[in-house]
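# Just need the structure, nothing else, for what follows:
(6 chains, ligands or ions: 12)
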Number of protein chains: 6
Amino acid sequence: KAKYNNDLYKTVNLPGVAVGLAWTYVGGDILFIESSLSDGKGELHLTGNLGNVMKESATTALTYLKSNAEKYKIDPSLFQKKNLHIHVPEGATPKDGPSAGITMMTSIASALLGRKVKPYLAMTGEITLRGQVLPVGGIKEKILAAKRAGLKEIIVCAQNSKDVSEVEAGFIKGLKFHYVNKMEEVLQIALGL
Amino acid sequence: KAKYNNDLYKTVNLPGVAVGLAWTYVGGDILFIESSLSDGKGELHLTGNLGNVMKESATTALTYLKSNAEKYKIDPSLFQKKNLHIHVPEGATPKDGPSAGITMMTSIASALLGRKVKPYLAMTGEITLRGQVLPVGGIKEKILAAKRAGLKEIIVCAQNSKDVSEVEAGFIKGLKFHYVNKMEEVLQIALGL
Amino acid sequence: KAKYNNDLYKTVNLPGVAVGLAWTYVGGDILFIESSLSDGKGELHLTGNLGNVMKESATTALTYLKSNAEKYKIDPSLFQKKNLHIHVPEGATPKDGPSAGITMMTSIASALLGRKVKPYLAMTGEITLRGQVLPVGGIKEKILAAKRAGLKEIIVCAQNSKDVSEVEAGFIKGLKFHYVNKMEEVLQIALGL
Amino acid sequence: KAKYNNDLYKTVNLPGVAVGLAWTYVGGDILFIESSLSDGKGELHLTGNLGNVMKESATTALTYLKSNAEKYKIDPSLFQKKNLHIHVPEGATPKDGPSAGITMMTSIASALLGRKVKPYLAMTGEITLRGQVLPVGGIKEKILAAKRAGLKEIIVCAQNSKDVSEVEAGFIKGLKFHYVNKMEEVLQIALGL
Amino acid sequence: KAKYNNDLYKTVNLPGVAVGLAWTYVGGDILFIESSLSDGKGELHLTGNLGNVMKESATTALTYLKSNAEKYKIDPSLFQKKNLHIHVPEGATPKDGPSAGITMMTSIASALLGRKVKPYLAMTGEITLRGQVLPVGGIKEKILAAKRAGLKEIIVCAQNSKDVSEVEAGFIKGLKFHYVNKMEEVLQIALGL
Amino acid sequence: KAKYNNDLYKTVNLPGVAVGLAWTYVGGDILFIESSLSDGKGELHLTGNLGNVMKESATTALTYLKSNAEKYKIDPSLFQKKNLHIHVPEGATPKDGPSAGITMMTSIASALLGRKVKPYLAMTGEITLRGQVLPVGGIKEKILAAKRAGLKEIIVCAQNSKDVSEVEAGFIKGLKFHYVNKMEEVLQIALGL
Ligand SMILES: [Ca+2]
Ligand SMILES: [Ca+2]
Ligand SMILES: [Ca+2]
Ligand SMILES: [Ca+2]
Ligand SMILES: [Ca+2]
Ligand SMILES: [Ca+2]
Ligand SMILES: [Ca+2]
Ligand SMILES: [Ca+2]
Ligand SMILES: [Ca+2]
Ligand SMILES: [Ca+2]
Ligand SMILES: [Ca+2]
Ligand SMILES: [Ca+2]
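Ligands and ions are numbered 1, 2, ... in the order given. This next block holds a predicted model:
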């Protein structure tokens, strides 16, 4: 049932696309977040059947990148002359919650910089406006979904390390974990910033 | 009960009109998507008793075409100086879901390019912001509706090929299937791009 | 109970007014649609206790006329420098559905051209964005209401001709029917375009 | 319980104020409609706990007066450089329905022309966008409320004359009735236009 | 339980603050209304957990003061170049109804004129757009709350005088009542205009 | 379970971040409020799953700081040329009520002045538009949460002093309390203004 494979991966490998991990009532799943710029006036468009908390993650991510544009070498004029559209595929499935925060910010940064996200990397974590990464739930189910999909590296909040350690080692053999506290660590791993 | 015949077809054959396939509680049906440009300031109008997910498909399709205007030789000034109206007839019937995505994008591209969609062609599939085509449900019922309506070719996601193979061969004799993974394949088949 | 008579008719006979046919739970009824232009910036105002589907009919009609302004010799600058207000009297009665589509478009075209609708003419039918006329329900009840009100000609979709033929001939003696497939036929009959 | 007396009347007698008649579950009542202009950009503000149908009456009245400004010698620049606020006192009481239409239009015209409404005059009737006056319900209860409040003249739709004739003569002795079909008759009686 | 005392009063005594009287299911209470100007474009902001009718009181008060700016020597340019924020403290308590109308108008006028409201003065009454003061309910409970809070003067509508006379004299000894019919009387008492 | 420790604190210690105290159905908790400026046109963005009353606290705080910019040496041009985003982390938890008012204002002032909030300081209290601090509920639970989190000073309304005195002394040993009546005292303590 996993839809992520090397062939699919190739079509994923564009600037603006990042892979998150979701926890639904049927278990864990991978989640693509797509960001795209087009000529405009700085509008933000959010699609993919997203709930309010998930939409707030996107606006929080965008403000953080605006406020820290210089630090990440993002051209600040992009925020004025481009529209940003963030889409999460599989529109039939309602999605919500704060745990896609770091994936959204990575996707946006990737689009703004025109730089691809590291391949075979997934992530999950809430963000704050000052760039902290907060722990989230469903770590075990999310990790298993990443494994099934053939992903190789996972970024989670340092405070989620104990949740990772509770997963039976055999299930996650070969997966590399990154434990982070700040958004700048995420962007360093995912985009080489 | 099929309303699509050669006479009707002639009135369909204008730039901006594409034929989709819907799956309702009474079975499959064909679905026209009409796109029309008029002088304006880049506004998007959506009518036809559409639910939120279907409206999001339209905005996702529009962003994709804006971001890929050069690739498809679409005049980028159209997005600024024209309004785009997308209508799905039979207003008494509520419509929703992501499966009209590729039909909407084809309809919009057809209107923007002033180029007619290939006749007797129908399609069904979800789109993503980076131009992927995703599989959808109700394939059997949709195919039978296309057959009843006298259509000759159908575009579906490659991942839906197994659903097609499960339909009894006699029912779909004479129908030609196109299996695609990317939006550029759809536009190539439908508009010759 | 019919409120339409020659005296009333005289006050109706202004550019912008067209007569539709409605089907309510108490039977058929006639329905006036009034369109009026005033100085403005191209805004559309809709009043008369209208549901969303009926409002969508109005925006669809307006887009069709904008896109086909040249064909119908409508001054395109009107869409920029005038506001259009469409009102359907008897505000205490909620109204909805797509069947007033061709009446709305006729009313708008009449206002834009400053040309009166043919007297004693009523109509009912859904419109599409490319100018097709689609069949609607309640034909028998609508015809009887038109007869009671003293109307003389009725425009319906060609696909509704079988519904007309099922009405007992004695009831509709003297009524002239126009069967149409396209909006241009409606405007030709109603406005002599 | 009647709140309308000569003393109150004096404070009423300003341009922009007209007296309507309402029909509530506790019987008839009089209803003041107040219109006021202030510097602005043509915005319309509606207050007084009004339902949607009553708000639509106000926008319909405003469009009629804009479209017929020349006929009634209304300075058309007022619609651009003034805001119009319409308030119906007694905010604790929800109000709705189309029957205040002619009162609203009279109130607006009075404010725009800076001309007082004829004293001791009340009115009730729905308006249409082309200036017709339509019949309304609750005539008996409304007339009795007007009588109790010391009003002397009442404008109703000609089609409501039979409702007036059904009220016992002794109850309405001394009241003068005006039966009208068009808004221009209302404005002639109320404002001497 | 009364929170209003001389110390609190001192912090109240700023331009823009007026004291109203509320009637809740636990009895009467005093209510502060705070108005504040800041640089802006004439926007109105309303906070304090206010219901729609109470918000309408504020817009009605503001229109009255705009329309009567000259009479009250209010600088009309303030309405264009300042934003007005009206706040009613104790945000945990929902508030609604028209009875704070005269308090809101007094608070706004006080802020616009930079002139403090008379100390130890409370008021309650609905306003109309032409400046009338209408009677309100809960007079007995409101008076007792004012007394408990140490207030010394109360403005009510003249039509509420009978409600005041029904309160036992001993309870309201020392309170001075002002009975008014028009907003100009309120502003004269409260602001010395 | 306390998430606030010296390590976490270090990431907190940026201008724009203030620590509040919340009272939830599972007891007291600490609450970070983050304010961030970015280039814009004076828009206010509020995220973190906030209810209407809490959002109103933010707009009230912002108006107070605009109106008192000179007093606090805030550059008034910031309100025109920057957008202000206020975020309250832990988006999965709905938050509401007025008690974060003084924390919100402190957070905004900290961001506008580019000055850090005093370390190890928490606060709770409603604000008014004229800068008063009002008492709030849940003091005992909030204090215990602050103690658990390692905080050292707490600002509360003077009227909450009796609530503090009711907490057993041993539980709050080492905590320093500030009792305030006005916002200027809060900003003096928190930001040294
Ligand atoms: Ca999936
Ligand atoms: Ca995620
Ligand atoms: Ca169909
Ligand atoms: Ca489809
Ligand atoms: Ca009727
Ligand atoms: Ca009709
Ligand atoms: Ca009354
Ligand atoms: Ca009335
Ligand atoms: Ca209180
Ligand atoms: Ca009050
Ligand atoms: Ca917490
Ligand atoms: Ca707090």
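# buried residues in the top strand by length along chain A?
Longest strand in chain A by number of residues (criterion: DSSP state E): strand A:27-39. Counting neighbours by 16 or more other Cβ atoms under 10 Å in any protein chain shown, one finds that the buried residues in strand A:27-39 are A:Gly28, A:Asp29, A:Ile30, A:Leu31, A:Phe32, A:Ile33, A:Glu34, A:Ser35, A:Ser36, A:Leu37, A:Ser38. Using the backbone N, CA and C atoms, a C-beta is placed for each residue, glycine as well.
# gap between the helix or strand just after it and the chain center?
As assigned by DSSP states H and E, the chain's next helix or strand after strand A:27-39 is strand A:44-47. Here the centre of strand A:44-47 is set off from its chain's centre by 16 Å, with Cα atoms, centre = their mean, to the nearest Å.
# how about the helices in chain A?
Ranges of helices within chain A are A:6-12, A:52-67, A:78-81, A:101-113, A:139-148, A:161-165, A:183-191, based on DSSP state H.
# Of all the ones you listed, which one comes closest to B:Val19?
helix A:6-12 (25.9 Å; Cβ to Cβ).
# So for the closest one, mean pLDDT?
For helix A:6-12, mean pLDDT is 59.
# Next: stretch A:68-88.
97.
# So for that stretch, first residue to last residue, what's the gap.
Using Cα to Cα, to the nearest Å, the end-to-end distance of stretch A:68-88 comes to 25 Å.
# picking that back up, now check the longest strand of chain A, is it near ligand 2?
No. Against ligand 2, strand A:27-39 shows no contacts by Cβ under 5 Å from the ion, the least distance being 6.1 Å.
# Pairing partners for that strand, with directions?
For strand A:27-39, sheet partners with direction are given as strand A:17-24 (antiparallel), strand A:82-87 (antiparallel), following DSSP bridges.
# Now find how far off-centre that strand is within its chain.
Centre to centre, stretch against its chain (Cα atoms, centre = their mean), the figure for strand A:27-39 is 8 Å.
# again, but for stretch A:91-103
For stretch A:91-103, the distance to the chain centre is 10 Å (Cα atoms, centre = their mean).
# go on, stretch A:157-176?
Distance of stretch A:157-176 from the chain centroid (Cα atoms, centre = their mean) equals 19 Å.
# hmm, back to that, adding mean neighbour count, write the strands paired with strand A:27-39 out as TSV.
Below are those laid out as TSV (neighbours: other Cβ atoms under 10 Å in any protein chain shown):
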stretch	mean neighbour count
strand A:17-24	24
strand A:82-87	24
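# how about those strands, which one is nearest ligand 12?
Nearest to ligand 12 among the strands paired with strand A:27-39 is strand A:17-24 (30.5 Å), distances taken as Cβ to the ion.
# Convert the C-alpha atoms of the closest one to CSV, please.
Extracted in CSV, the C-alpha atoms of strand A:17-24 (Å, rounded to 0.1, in the frame of the first residue of the first chain):
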residue,chain,number,x,y,z
VAL,A,17,8.7,19.5,-2.0
ALA,A,18,9.3,18.1,1.5
VAL,A,19,8.2,14.8,3.0
GLY,A,20,6.4,14.8,6.4
LEU,A,21,4.9,12.1,8.5
ALA,A,22,1.3,11.9,9.6
TRP,A,23,-0.5,9.9,12.2
THR,A,24,-4.1,9.0,11.3
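# got the angle between it and helix A:183-191?
Using axes from the mean of the first three to the mean of the last three Cα atoms, to 10 degrees, the inter-axis angle of strand A:17-24 relative to helix A:183-191 is 110 degrees.
# now the angle from strand A:17-24 to helix A:101-113?
Going by the same axes, to 10 degrees, strand A:17-24 makes 160 degrees with helix A:101-113.
# Just the residues contacting strand A:17-24, thanks.
With Cβ atoms under 8 Å, 6 or more residues apart in numbering or on different chains as the contact definition, strand A:17-24 has outside contacts at A:4, A:12, A:28-35, A:93, A:95, A:99-100, A:103-104, A:106-107, A:110, A:116-117, A:121-124, A:137-138, A:141-143, A:145-146, A:151, A:154, A:190, B:130.
# residues from chain A in reach of chain E?
Within chain A, no position is adjacent to chain E by Cβ under 8 Å from any Cβ of the partner chain.
# tell me the contacts of the one residue sitting closest to the centre of chain A?
The C-alpha lying nearest the average C-alpha coordinate of chain A belongs to A:Thr103 (Cα atoms, centre = their mean; 1.2 Å). A:Thr103 makes contacts with A:Ala18, A:Val19, A:Gly20, A:Leu31, A:Ile33, A:Met123, A:Thr124, as judged by Cβ under 8 Å, 6+ apart.
# of all these, which comes closest to ligand 4?
Nearest to ligand 4 out of the contacts of A:Thr103 is A:Leu31 (Cβ to the ion; 23.6 Å).
# in terms of contact, does that closest one touch A:Gly97 like I think?
No. With contacts counted by Cβ atoms under 8 Å, A:Leu31 stays clear of A:Gly97, the gap being 10.9 Å.
# nearest spatial neighbour of A:Lys66, skipping sequence neighbours?
Distances taken as Cβ to Cβ, 6 or more residues apart in numbering or on different chains put F:Ser38 closest to A:Lys66, at 3.9 Å, once the chain neighbours are dropped.
# quick one: that neighbour and F:Asn83, what's the gap?
F:Ser38 sits 5 Å away from F:Asn83, going by Cβ to Cβ, to the nearest Å.
# right, so of the helices of chain A, which gets closest to E:Glu185?
Proximity to E:Glu185 (Cβ to Cβ) singles out helix A:52-67 among these, at 48.1 Å.
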